[in-house]
Each structure stands twice: as structure tokens, then as C-alpha cells.
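Asks: what follows is a predicted structure for the sequence shown.
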Amino acid sequence: MKFHKTPLDGAYVIEPEPRGDERGWFQRVFCEREMADAGVEGRFVQVNNSFNAEAGTLRGLHYQLPPSPEVKIVRCLSGALWDCIIDLRPDSPTYLGWHAVELTGENRLAFYVPRGFAHGFVTLRPNTETLYLASGFYDPKSECGVRWNDPKFGIAWPVEGAVISEKDAKWPDFDEDFHGVERLRGI
């Protein structure tokens, strides 16, 4: 696996290295030892799977506050999505910056999302399936989110008129107190 740094501190695009022959190919999509060698967390307790029938389905931007912040590794199994993260760690040199990566069933890339980042995606094709590893158990009391079109971030989403849940559409404008930013200090 190859780990490519992104412009955001601690976030990586993970590129698998397939090995093939006349039968097809084999690739490693997770290795705790390679994660440690890259200096990233490699312990995960949940694997989540998402399917979206329509192109333009937007999920996010979600994160969990302490005591339950989580690392995620996100990968598209089929279809295509535009995966976006925002650094919400107030001590980070890239605080409030965002970055996005196109993940497809064909490119097999994965996105490593550190603790203290909001995460969301929009599907670019119908019938898009996503798999992601989470380092922490889902804790509804720690759940928080920022609105996908909050002007504070100015995210240039590639799709207009997204299909989005009522909950995700109603997150208030970014406010450090409401969004628990101080709780993310030191992560």
C-alpha cells in the first residue's frame, strides 16, 4: 500500500498495489503493520457499508466528539463518489481546511480520515457502494456534523441539487461552541 499525503495534516490517500497474473489480481487493502510504518492509526472496531441508488446522494459531513472521536478509512466498492473532509482540530495547522478525493470502484483508492475531521461524500454515479472502517464504536451522544453548504468552508461540491437527509440539511452555520471545537483540542 502507498500512503500519499494530502494538503490536510494527517490525512492520506491510500493507494493499493495490485499484483496480477493471467488469473486476475490480488491486493492488500489493509495491513496494521503498513499502517504503523506510515505513522497512522491501524486499529478498527467497526466496518460500515453504505449503498446509494441515486447519483447525487450526499451524506455528511459527520464526526464524533470526545470521548468517541474516530479514524475512518473510506473506500468505494462500486460506482463513484466525491469524498470530502474538513479539519476541525483547533490546534492543527490546517484548521478549517477541506480536501476531497474521487473514489471509484475502478481506482480502488481509500481515504484515511483522522480523528477530529468532519467527513462526507456525494455519489457521482447511481448504485454506488461504500465501505469504511471506523476506529471507534458509533456513539449517538457524541455525534455532530457541519452542513454540506456552510459558507464558512466554501466547499466546491461537484453536484448541484443533491439528495440529502433532513438531519444533514439542518446543521446550523459553523459555530465553534455549538460544534464542540474546543473538545477537539489536542486530538
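Replies: Structure's in. What do you need?

Asks: now the strands for this protein?
Replies: Assigned by DSSP state E, the strands in the chain fall at 2-5, 12-15, 19-21, 24-26, 46-52, 57-64, 72-78, 80-87, 98-104, 110-113, 117-123, 128-134, 143-145, 163-164.

Asks: and the second one, what does it pack onto?
Replies: Meaning strand 12-15. In terms of contacts (3 or more Cβ pairs under 8 Å, 6 or more residues apart in numbering; DSSP states H and E), strand 12-15 is packed against strand 2-5, strand 110-113. The way it works is simple: take the backbone N, C-alpha and C, and place the C-beta from them, glycine included.

Asks: and of the ones you listed, who's closest to E102?
Replies: Judged by Cβ to Cβ, the one of the helices and strands packed on strand 12-15 that comes nearest to E102 is strand 110-113, at 9.9 Å.

Asks: which outside residues touch that closest one?
Replies: Contacts to strand 110-113, defined as Cβ atoms under 8 Å, 6 or more residues apart in numbering, come from residues 3, 11-14, 16, 29, 40, 71-75, 83, 85, 101, 103, 119.

Asks: stretch 38-46 too?
Replies: 1, 3, 10, 12, 30-36, 71, 73, 112, 114-115, 133-138.
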